[in-house]
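Predicted model, plus sequence, below.
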Amino acid sequence: MKLTPKTATLLVLVLLVALSPVLFPSGYYYRVGALIFVNAIAVTGIVILTGYAGQISLGHAGFAGIGAYACALAPVHLGLHPSLALVLGAAISGLLAFLVGRPILRLKGYYLGVATLGFGILVSMVLNNERQLTGGPDGMEVPDLGLRGLLKDAGLDLTNGQFWYFLCGIVLILGAWLALNLFNSPTGRALRALHGSEVAARTVGVDVARLKLQAFVISAVYASVSGSLLALQNKFITPDVAGFMHSIEMVTMAVLGGVGSVLGAIFGAAVLTLLPQVLTVFAEYEQLVLGLVMMLVMIFLPQGLLPSILRKIRGRDE
Amino acid sequence: MPELLQFLFSGVTVGAVYALVALGFTIIYNASDVVNFAQGEFVMLGGMLTFVCHAAGLPLPLAALIAIAATSAIGVAMNKLAIEPARGAPVVSLIIITIGASIFIRGGAQLLFGKQIHSFPAFSGDTPLRIGGATILPQSLWVIGGAVVVFIGLWLFFTRTLTGRAVLATSNNRLAAQLVGINTNFVMTLSFALSAGIGALAGVLATPITLTSYDVGLAFALKGFAAAMLGGMGNPKGALAGGFLLGLLEALTAGYLSSQYKDAAAFVVILLVLFFMPQGLFGRKSVDRV
């Protein structure tokens, strides 16, 4: 039986999530793993927007901020369960992306960049300034999801780190599965067609405006879910989650790993999440090294890390 | 009335800094189609290096000159090492490269100069001038004058000199420019040197008012980028107008509405302008060749 790329990708992901803990020397690594998965969820959304449809966003952290603060605010003010707050956040993000996306997706390249940048900055500014509601730059607490207690009652006793590791891992696998299905669907093919040439896609009857908007909304929902999971996991959230540097981080992770493929982008998320952990010893050099890595990879491996590595391995086989 | 005048003064001062940064963006964009997000770091380097040289005992004008020259050299190095090797890369990759460069420069500055906030004395003293009931710092006049002189200088350079026309030709059509014997690599080097120098000049002029530290660059880069886009990317007149407009918007919002949301007003206006004029205020409509 020959594996389709979709099944192969999912298989690799499932095995990675399930088997990596065998190698973890301490509970701390579950936490790092969960962080990688949270970032990878947002980055999978960027793959749909940038990798499939070829559109740029420098403001997707805004949606992560909405997801995060939905989980912090809705349980307190609306009495919603935190898990429903996550859904509410995703719905708000999707709706907002729909409303904002309509006019700004007509823009191209750098103009789209500055428009999405403006959107992200507006969200982070509201989170920073509405102190009575969000606690301002000091951040605010997020209620407990409560799911771990339920599992414990059912006889499955996980540490906090293990619980979040597997929950985020499962959400990531689901997200990747949806993204891979989209890739092969008629919508996915149309998205890739408009990435290649908008005019050509329009000529063969692709509704370019509607498709771009769809990709934008879907990727916003991914970012929102990622923000929600981050907030619930840390039980605390600051407006940094919606900041410009977080938007840049998302795009960099995706492009660094290889924005054309889900697996590549997830690999990029892993590398950039691990980098600061490895560099804690050289904390002063962290920025220097991060900047250097960003430049070097883009100059020497423009396709991204994973595709370049794979090509090297295949090249040796032949 | 004095109140309004006061807001206008502060808006024009900040706007002049944004205009200088936006002019830097425009020059590089014209020569290479790259939006250089490290532009803000040039502003930081200008202020920071001047402070370091001045603190080492050099007279202020000499310190400023060294800072501008050194920053230009860093700009040229960035072009040679990071931009030229990535020629033809997609927009996303170029954004990541220039943001990588800006993070790299910021990290280096933090290592070399520490995290303290620095400044140096204003050029013509700190006694505010009184005009129509409002006050303005002499240093503000230096900043505004600097922006106007740079703009006029650039205009003369681009319209009256052969080298300037070569830059324009390159921005119009790189291949055609090469065919008529223009050294486009030199044009690129020149553009980065010029743009980094203008950024550093903005830092030198503004630091006595705004102070400087290793991490001020990002804010300048975002505002300068926004100003350049507002005016229409690639158009020096647009950069100047966009910069002053952004500064005035911020000052008036801070004065009459809310100082917390002064940055918001600027971005709301940019979103609105782009909704109705996708090419910015002065940009020409671009036509894609298929």
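Nice, thanks for sending it over.

how about stretch A:145-164 as PDB, C-alpha atoms only?
What follows is stretch A:145-164, C-alpha atoms only, in PDB (Å, rounded to 0.1, in the frame of the first residue of the first chain):
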ATOM      1  CA  LEU A 145     -10.500  24.500  32.300                       C
ATOM      2  CA  GLY A 146     -11.700  21.800  34.800                       C
ATOM      3  CA  LEU A 147     -11.200  19.000  32.400                       C
ATOM      4  CA  ARG A 148      -8.200  17.400  34.200                       C
ATOM      5  CA  GLY A 149     -10.400  17.000  37.400                       C
ATOM      6  CA  LEU A 150     -13.000  15.200  35.300                       C
ATOM      7  CA  LEU A 151     -10.400  12.800  33.800                       C
ATOM      8  CA  LYS A 152      -9.100  12.100  37.300                       C
ATOM      9  CA  ASP A 153     -12.600  11.200  38.500                       C
ATOM     10  CA  ALA A 154     -12.800   8.900  35.500                       C
ATOM     11  CA  GLY A 155      -9.700   7.100  36.700                       C
ATOM     12  CA  LEU A 156      -7.100   8.800  34.400                       C
ATOM     13  CA  ASP A 157      -4.700  10.700  36.600                       C
ATOM     14  CA  LEU A 158      -2.400  13.000  34.500                       C
ATOM     15  CA  THR A 159       0.000  15.600  35.800                       C
ATOM     16  CA  ASN A 160      -0.800  19.200  34.700                       C
ATOM     17  CA  GLY A 161       2.100  19.000  32.100                       C
ATOM     18  CA  GLN A 162       1.000  15.700  30.700                       C
ATOM     19  CA  PHE A 163      -2.700  16.800  30.400                       C
ATOM     20  CA  TRP A 164      -1.800  19.900  28.400                       C
END
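
for that stretch, which positions count as buried?
For stretch A:145-164, the neighbour count (16 or more other Cβ atoms under 10 Å in any protein chain shown) marks A:145, A:148, A:161-164 as buried. C-betas here are computed from N, CA, C, even on glycine.

Of those, just say which sits nearest to chain B.
Nearest to chain B out of the buried residues of stretch A:145-164 is A:W164 (Cβ to the nearest Cβ; 28.7 Å).

so the closest one touches A:N234, yeah?
No - counting by Cβ atoms under 8 Å, A:W164 does not reach A:N234; the two are 9.4 Å apart.

How many neighbouring residues does A:R311 have?
12 (other Cβ atoms under 10 Å in any protein chain shown).

Surely B:M233 and B:I28 touch.
No - proximity of B:M233 to B:I28 does not meet the contact threshold set by Cβ under 8 Å, at 10.7 Å.

Now the common contact residues for these two.
B:V35 (Cβ atoms under 8 Å, 6 or more residues apart in numbering or on different chains).

Tell me which of these two has more neighbours.
For B:M233 versus B:I28, neighbours defined as other Cβ under 10 Å are more numerous around B:M233 (27 against 24).

So B:L179 versus B:T189, what's the distance?
According to Cβ to Cβ, to the nearest Å, B:L179 and B:T189 sit 20 Å apart.

Then A:E284?
Distance, A:E284 to B:T189, by Cβ to Cβ: 32 Å.

who has more neighbours, those two?
More crowded of A:E284 and B:T189, by other Cβ under 10 Å: B:T189, with 17 against 10.

so what's that one up against?
Contacts of B:T189 (Cβ under 8 Å, 6+ apart): B:76, B:79-80.

And B:K285, what's its pLDDT?
What the model reports as pLDDT for B:K285 is 58.

again with the one 4 residues further on
pLDDT for B:R289: 51.

Surely A:V204 touches A:A190?
No - checked against Cβ under 8 Å, the pair A:V204 and A:A190 is beyond contact range at 9.1 Å.

what about those two, which has more around it?
For A:V204 versus A:A190, the count of surrounding residues by other Cβ under 10 Å is larger for A:A190: 21 against 8.

where does chain A have low pLDDT?
In the predicted model of chain A, residues A:1-2, A:316-318 satisfy pLDDT under 70.

do that again at 50, thanks
Scanning chain A with the threshold set as pLDDT under 50 gives A:318.

for the longest helix seen in it, which positions count as buried?
Scanning chain A for the helix with the most residues, using DSSP state H, yields helix A:208-234. Neighbour counts over helix A:208-234 (16+ other Cβ under 10 Å) mark A:208, A:211-234 as buried.

At which residues are the strands of the stretch 51-200 of chain A located?
A:140-141 (DSSP state E, counting those that start in this stretch).

give the contact list for B:L141.
Applying Cβ under 8 Å, 6+ apart to B:L141 gives the contacts B:L129.

Please enumerate the strands of the stretch 101-250 of chain B.
B:129-131, B:134-136.

In TSV, list the ones you listed along with distance to A:M245, mean neighbour count and mean pLDDT.
Output for these, formatted as TSV (distance: least, Cβ to Cβ, whole Å; neighbours: other Cβ atoms under 10 Å in any protein chain shown; pLDDT from 0 to 100):
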stretch	distance to A:M245	mean neighbour count	mean pLDDT
strand B:129-131	39	12	88
strand B:134-136	35	17	89
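
got JSON lines for those, with distance to A:I66 too?
Output for the strands of the stretch 101-250 of chain B, formatted as JSON lines (distance: least, Cβ to Cβ, whole Å):
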{"stretch": "strand B:129-131", "distance to A:I66": "46"}
{"stretch": "strand B:134-136", "distance to A:I66": "41"}
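
ok, the one residue in the stretch 151-290 of chain B that gets nearest to chain A - how many residues close by?
At 3.7 Å from chain A, B:F267 is the closest residue in the stretch 151-290 of chain B, using Cβ to the nearest Cβ. The tally of other residues near B:F267 (other Cβ under 10 Å) stands at 26.
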